[in-house]
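> Below: sequence and its predicted model.
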Amino acid sequence: MKAAAVRKYFQAFLAELKRLRAEGMDFVLHLSYIPLLIIILYFLWSIVYQNTSSVQGYSFNEMMAYVLVAVVFRRLIANSWVAHKIEHYITDGDIVTFLCRPFDFKKFMLSTRLAHNFYFGLMLLPVLLIILAIFNAEFKFLELALALAILVAGFAFTFLEFYTIGLCAFWLERIYGLRHAFDWMQEILSGTWFPVTLFPAFAQQALQFLPFQHLVYTPTALALGKISLLQGLEGLAVLIIWVIALNFASNWIWKKGFRKYDGKC
Amino acid sequence: MSFTKSARILAIGLMLHWKRLLEYRLNLAFDLLLRLVDSVTFFMFWAVILASSNGFAGWGLKEFLIVFALESYFTALVISFAYAGLYMYERIHNAELDSFLTKPAQPWLLAIVKGIEPSFAGFISGTAALALAFTQGISMQPLALLLGLFMVLLGVAITALFGLSLATLSFWLGRMDSLESVFESFWSFGGKPASIFPIGLQVLTAFTFPFIFIQTIPTMAILDKIPVQEMLLFILAEFIVLIAWIFAFKFLWKKGLRNYESGGG
């Protein structure tokens, strides 16, 4: 991509950041589920640890640190809103207006979505630091750097995943079911509620071939020192392969979808 | 406006949306897929939690099967009707409300009717869970089951009013995309016994997504852990919450309309 094009999408990124700042209160409310989820998880795991001091090598403090960091990481890579937005653009016919503008629809969506998650990241940073302090969790620099790289790849994966699901609205009237099915499945398979090592062995083996566990479990466990750097690199490689495949798939679906689109569905 | 007229409008709206659903039958398949994913993730989650703990506050798979059935019914109705009320915030912000204000019916009712999204696959998964419980020889109290389903209906009304009341905030605050996040954040309490949470949280959920009324109490009564008479007390409490919301919504709607400027709240 040429420098001028990069500048163009960077401007879209900045414009979205400005909009988010202007709607600060609305934006903060988007995060309202996080404190509730933290409370729920605290009470849930408190019951589990009433009769045991360790679950699969995780003490209560370690488990709480894991699930809380996982919730924050999951938020940083959340992109299901992209599908919702695209669905509306397609069903309302607004998507045709993007064709008249001097930019690529996918890159524009990516720029605005990056702004969202970047802003979320800034706001969630203090939450992460508080979690570290409360549950005595320690982050190591190298592991944390790799975890961040995995999160970036995870963000790219979920963006392309939900972008592709959103494009399915060219054929389907509503994609609510499809979007939420993927979102919910991803939530549990990515290890947001608990480490994937708690799954039965056969499920863990099946998960190895899928990208989901590398979205949340791998960066979280890596940052908390529960898995090695090599395992982290493996996770990153798996995600990169999926990102490349999804990128091709989404371009193909965009072309096919637009051919049958009549502008108003 | 009379109750009969409101019910007739709602029935007509439902019929039209049902026809649309049949026209776009493929969405029905995705709705079923969503319920299937929901079932798998629900039982996967609890299988892991129960395997990790030696008894979860007296709850086991038997209890969670009933919880799942009731939650499925609740989810089907909330997705079908309650979201329509919540999405009124968009109609307020986009000044779409104008067209409803000029019609001889309650504008909020018209907004709900327009936004209905029939999503009844939850009835299939809920009934399947009850059938499974029956075939597994789990003894269930029929009267408690009927009352439990009634409590689900009341719970849906509470949640719908909660959504409608949240939507009225748009009269004062303008664009509020985060309302959906705020609304859904309370959904995280679902599928978990309310008894594991402190009383303050139980009261909070009773006024939002009343899982204590629609899951915890009915499950205990259906499995004969509490007498049906005790259930009646909770139905009374649920009625009180419902009436409180009716008054709160009417108040917010009246005040909000005065503040409505037609061009964006």
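Yes, it's here.
> Can you give the distance of stretch B:213-227 from its chain's centre?
18 Å (C-alpha atoms, centre = their mean, to the nearest Å).
> for stretch B:153-161, same thing?
For stretch B:153-161 - counting by C-alpha atoms, centre = their mean - the centre lies 6 Å from the chain centre.
> Now for residue B:170: which residues touch it?
Shown in contact with residue B:170 (C-beta atoms under 8 Å, 6 or more residues apart in numbering or on different chains): B:88-90, B:92-93, B:176, B:179, B:256, B:265. Quick note: C-beta positions are derived from backbone N, CA and C, even for glycine.
> go on, residue A:107?
So residue A:107 contacts residue A:9 (C-beta under 8 Å, 6+ apart).
> Also residue A:191?
Applying C-beta under 8 Å, 6+ apart, the residues near residue A:191 are A:70, A:213, A:216-217, A:220-221.
> So it belongs to a strand, correct?
No - Residue A:191 sits outside any strand when classified using DSSP: H, G, I helix; E, B strand; the rest coil, being coil.
> any idea how far it is from residue A:198?
According to C-beta to C-beta, to the nearest Å, residue A:191 stands 9 Å off from residue A:198.
> Run through the residues of the stretch 101-250 of chain B sitting next to chain A.
Contacts of the stretch 101-250 of chain B with chain A, taken as C-beta under 8 Å from any C-beta of the partner chain, map to B:117, B:119, B:121, B:173, B:175-179, B:181-182, B:184-186, B:188-189, B:192, B:196-198, B:201.
> Of the residues you listed, select the buried ones using a ChimeraX command.
Of those, the buried ones go into a single ChimeraX selection, burial set by 16 or more other C-beta atoms under 10 Å in any protein chain shown:
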select /B:117,119,121,173,175,176,178,179,181,182,185,186,188,189,192,196,197,201
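> and residue 203, what element?
Chain wasn't specified; assuming chain A. Using DSSP states H and E, residue A:203 falls within helix A:201-207.
> looking at chain B here, not the other one
helix B:199-206.
> Residue A:104: neighbouring residues, count only.
16 (other C-beta atoms under 10 Å in any protein chain shown).
> Which elements pack onto the helix holding residue B:203?
Using 3 or more C-beta pairs under 8 Å, 6 or more residues apart in numbering or on different chains; DSSP states H and E, the elements in contact with helix B:199-206 are helix B:228-259.
> Kindly calculate the angle that the helix it packs on makes with helix B:199-206.
Angle between the axes of helix B:228-259 and helix B:199-206 is 70 degrees (criterion: axes from the mean of the first three to the mean of the last three C-alpha atoms, to 10 degrees).
> Buried residues in helix B:228-259, which are they?
Buried residues in helix B:228-259, defined by neighbour count with 16+ other C-beta under 10 Å: B:231, B:234-235, B:238, B:241-242, B:245, B:248-249, B:252-253, B:256.
> how about these in JSON lines, adding pLDDT?
JSON lines is the format used below for the buried residues of helix B:228-259 (pLDDT from 0 to 100):
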{"residue": "B:231", "pLDDT": "94"}
{"residue": "B:234", "pLDDT": "95"}
{"residue": "B:235", "pLDDT": "96"}
{"residue": "B:238", "pLDDT": "96"}
{"residue": "B:241", "pLDDT": "97"}
{"residue": "B:242", "pLDDT": "97"}
{"residue": "B:245", "pLDDT": "96"}
{"residue": "B:248", "pLDDT": "96"}
{"residue": "B:249", "pLDDT": "95"}
{"residue": "B:252", "pLDDT": "95"}
{"residue": "B:253", "pLDDT": "93"}
{"residue": "B:256", "pLDDT": "91"}
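> and which of these is nearest residue B:49?
Nearest to residue B:49 out of those is residue B:234 (C-beta to C-beta; 25.5 Å).
> my guess is that closest one contacts residue B:151, does it?
Yes - using C-beta atoms under 8 Å, residue B:234 is in contact with residue B:151, at 7.3 Å.
> Torsion angles phi and psi at the residue nearest in space to the middle of chain A?
Centroid-nearest residue in chain A, with C-alpha atoms, centre = their mean: residue A:77, separated by 2.1 Å. Main-chain torsions, residue A:77, degrees, to the nearest 10: phi -110, psi 10.
> which residue packs closest to it, ignoring adjacent ones?
Using C-beta to C-beta, 6 or more residues apart in numbering or on different chains and skipping residues adjacent in sequence, the residue nearest residue A:77 is residue A:154, 4.3 Å away.
> any idea which element the one you found lies in?
Using DSSP H and E, residue A:154 maps to helix A:141-167.
> helices or strands up against that helix?
Against helix A:141-167 (3+ C-beta pairs under 8 Å, 6+ apart) you get helix A:60-76, helix A:80-92, helix A:105-134, helix A:176-189, helix A:217-223, helix A:229-260.
> buried residues in that helix?
Neighbour counts over helix A:141-167 (16+ other C-beta under 10 Å) mark A:143, A:146-148, A:150-151, A:153-167 as buried.
> Would you mark the buried spots in the helix holding residue A:203?
Buried-residue list, helix A:201-207, by 16+ other C-beta under 10 Å: residue A:207.
> outside of that helix, which residues touch it?
With C-beta under 8 Å, 6+ apart as the criterion, helix A:201-207 contacts A:189, A:196-197, A:199, A:213, B:44.
> Could you tell me the average pLDDT over that helix, please?
In this model, helix A:201-207 carries a mean pLDDT of 85.
> Check stretch B:5-16 too.
Confidence for stretch B:5-16, expressed as mean pLDDT, is 86.
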